[in-house]
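[1] I need the structure of the sequence given here:
(2 chains)
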Amino acid sequence: SAVISQKPSRDICQRGTSLTIQCQVDSQVTMMFWYRQQPGQSLTLIATANQGSEATYESGFVIDKFPISRPNLTFSTLTVSNMSPEDSSIYLCSVGQPNTGELFFGEGSRLTVL
Amino acid sequence: QKEVEQNSGPLSVPEGAIASLNCTYSDRVSQSFFWYRQYSGKSPELIMSIYSNGDKEDGRFTAQLNKASQYVSLLIRDSQPSDSATYLCAVNENNAGNMLTFGGGTRLMVKP
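    Next up, the predicted model:
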């Protein structure tokens, strides 16, 4: 499976600020996904990051709040904009194995918003 | 709305016992099923994939799938304290690429 690196691994942020999370993969992948895991909860898909086109957002998530970039086949960023304490979560970058449908995750970025 | 349901637990088993984790899903067209293990503070790690009805064994782990009943389970034989974690069930449809819908997870505690 691909090696997926995320940074920052954790951060403490002030309300109203924005933070960009980076995801680097060691091989070219067609689709990258961003998930959120709120405290004590399971994973929720935020959006699919498509190379060369705009990200596809799931219900309840909008581009203004979670802008995503995908400049090439090995890199993506997720920005959490105008943060509030409700945005305190683990944000996970993931890539898929097309033949099997399996999904692999980066180490995650734990954000705490004060 | 696709749903994947798991008992949140905690499921407590003694060391050496069999742990049985269950998952039901609502979307009949789901074709691929996965079990992830997540240790506290870590990201999910894929431990089993299953695509057809029946059992699939990998070491101490056995995944069981029954599409007619929309039910998938994970058995862990000879449970060890190191198996203590949250186990997440995930499903997807063939035409959904790698987009998975996750259950809420079951917390497993294996007591020495």
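[2] For chain A, which residues are neighbours of chain B?
    A:1, A:31, A:33, A:41-45, A:48, A:90, A:92, A:94-98, A:100-108 (Cβ under 8 Å from any Cβ of the partner chain). No exception for glycine: its C-beta is placed from N, CA and C like everyone else's.
[3] who's A:V113 bridged to?
    A:C13 (DSSP bridges).
[4] do you know how far it is from A:T17?
    8 Å (Cβ to Cβ, to the nearest Å).
[5] hey, what's in contact with both of these two?
    A:M83 (Cβ atoms under 8 Å, 6 or more residues apart in numbering or on different chains).
[6] And those two? Which one has more around it.
    A:V113 (19 against 11; other Cβ atoms under 10 Å in any protein chain shown).
[7] Let me know the pLDDT of that one.
    Note on A:V113: pLDDT of 97.
[8] Looks to me like B:S82 is in a helix.
    Yes - under DSSP: H, G, I helix; E, B strand; the rest coil, B:S82 sits within a helix.
[9] Okay, and the closest residue to it other than its chain neighbours sits in which element?
    The shortest distance from B:S82 to any non-neighbouring residue, by Cβ to Cβ, 6 or more residues apart in numbering or on different chains, is to B:V110 (7.8 Å). Under the criterion of DSSP states H and E, B:V110 resides in strand B:106-111.
[10] for B:S49, same thing?
    strand B:45-50.
[11] Mind giving me the packing neighbours of that strand?
    On a contact count with 3 or more Cβ pairs under 8 Å, 6 or more residues apart in numbering or on different chains; DSSP states H and E, strand B:45-50 meets strand A:103-105, strand B:32-38, strand B:54-58, strand B:61-66, strand B:71-76.
[12] For the nearest residue to A:Q14 once chain neighbours are set aside, give me its contacts.
    Once flanking residues are discounted, A:Q14 sits nearest to A:L114: 6.0 Å by Cβ to Cβ, 6+ apart. Taking Cβ under 8 Å, 6+ apart as the criterion, A:L114 is in contact with A:12-15, A:85.
[13] Return the member of those nearest to chain B.
    A:I12 (15.7 Å; Cβ to the nearest Cβ).
[14] Contact residues of chain B facing chain A?
    Residues of chain B lying near chain A (Cβ under 8 Å from any Cβ): B:31-32, B:34, B:42-46, B:49, B:88, B:90, B:92, B:94, B:97-105.
[15] B:D58 versus the closest residue in space to A:K7 that isn't next to it in sequence, what's the distance?
    Once flanking residues are discounted, A:K7 sits nearest to A:Q22: 5.3 Å by Cβ to Cβ, 6+ apart. Counting by Cβ to Cβ, the gap from A:Q22 to B:D58 is 33 Å.
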